[in-house]
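Student: Using only what follows, build the 3D model:
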Amino acid sequence: MNAHPPKLTDDGSEGPDANEDPVAGGLLIPGLTHALLAIAVELRSHSLPCSEIEHAHRNKDSLRTSSLAHMPNLSWQYRPHISDAMSLLFLSFTWCFDKNLCELSLRWNSLARVILTDAARNHTTDVPAVQWLEQRTFEGIVLQERVLSLLHFGCPLATDQASSTDTLLNYTSEVPSHDWNSPVDSSGLLAAAFF
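Tutor: Numbers count the residues shown, from 1 in each chain. Got it, this is the predicted structure:
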């Protein structure tokens with residue numbers, strides 16, 4: 001195993017290491033790893049025998065809590081990391097259908113947007129892989145905002161693309177004036193609703 005000593009800054013504290021840079025292989029930080037494990041347990045728990053379901057739920061809750069505990073305090077000196085935004089986004093995707101966690105799902109997605117916005121603003125990398133990852137994560141956040149607004153929340157969520165969300169909500173709340181069986185091309189309606 002190739003271990004490197006921590007990099008020290010001028011003040012003697014540990015500086016950024018591989019976990020701070022997604023390009024250097026630090027994308028799978030403990031928070032993201034625990035979130036992915038919690039999601040795997042959630043997806044697999046439906047195929048377990050009845051005797052193991054309660055144990056799987058405890059493991060899932062423990063992993064989800066551990067994932068959130070690995071997230072640094074956002075209200076203090078925080079260096080945003082795209083993995084934190086991805087963890088919150090994946091947690092929001094997975095548990096937005098759970099009636100006990102839908103409010104938290106909205107909060108996780110909102111925090112993911114804040115973290116990703118700060119991460120994109122604070123670094124100046126020209127690495128295409130990082131830019132691609134940021135863009136795809138942002139698209140996932142916007143999509144999840146739309147899903148949450150359709151599922152649980154009647155009002156548009158705060159986004160930079162509020163007009164798109166407003167358009168989506170207007171289309172989904174309208175009562176069609178034509179017969180559903182008529183041969184109307186609805187591809188334009190779908191395209192306008194989602195893009």
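
Student: is it true that residue 136 lies in a helix?
Tutor: Yes - assessed by DSSP: H, G, I helix; E, B strand; the rest coil, residue 136 belongs to a helix.

Student: For it, grab the count of nearby residues.
Tutor: Residue 136: 11 surrounding residues under other CB atoms under 10 Å. The C-beta positions use only the backbone N, C-alpha and C, and glycine is treated the same way.

Student: repeat for residue 62
Tutor: 14.

Student: ok, it to residue 136 distance?
Tutor: Distance check for residue 62 against residue 136: by CB to CB, to the nearest Å, it reads 29 Å.

Student: Please apply the same query to residue 118.
Tutor: 17 Å.

Student: so what's residue 97 up against?
Tutor: When contacts are counted by CB atoms under 8 Å, 6 or more residues apart in numbering, residue 97 is found next to residue 151.

Student: Mind checking what secondary structure it has?
Tutor: coil.

Student: Run a quick check on residue 37 versus residue 56, I expect a contact.
Tutor: No - using CB atoms under 8 Å as the test, residue 37 is too far from residue 56 to be in contact (11.7 Å).

Student: what residue ranges in this protein are flagged as low confidence?
Tutor: 1-26, 124-125, 152-195 (pLDDT under 70).

Student: cutoff 90 now
Tutor: For the chain, applying pLDDT under 90 flags the ranges 1-31, 41-61, 68, 70-82, 95-103, 118-134, 148-195.

Student: What is the burial count for residue 94?
Tutor: Residues near residue 94, counting by other CB under 10 Å: 21.

Student: Much appreciated, bye for now.
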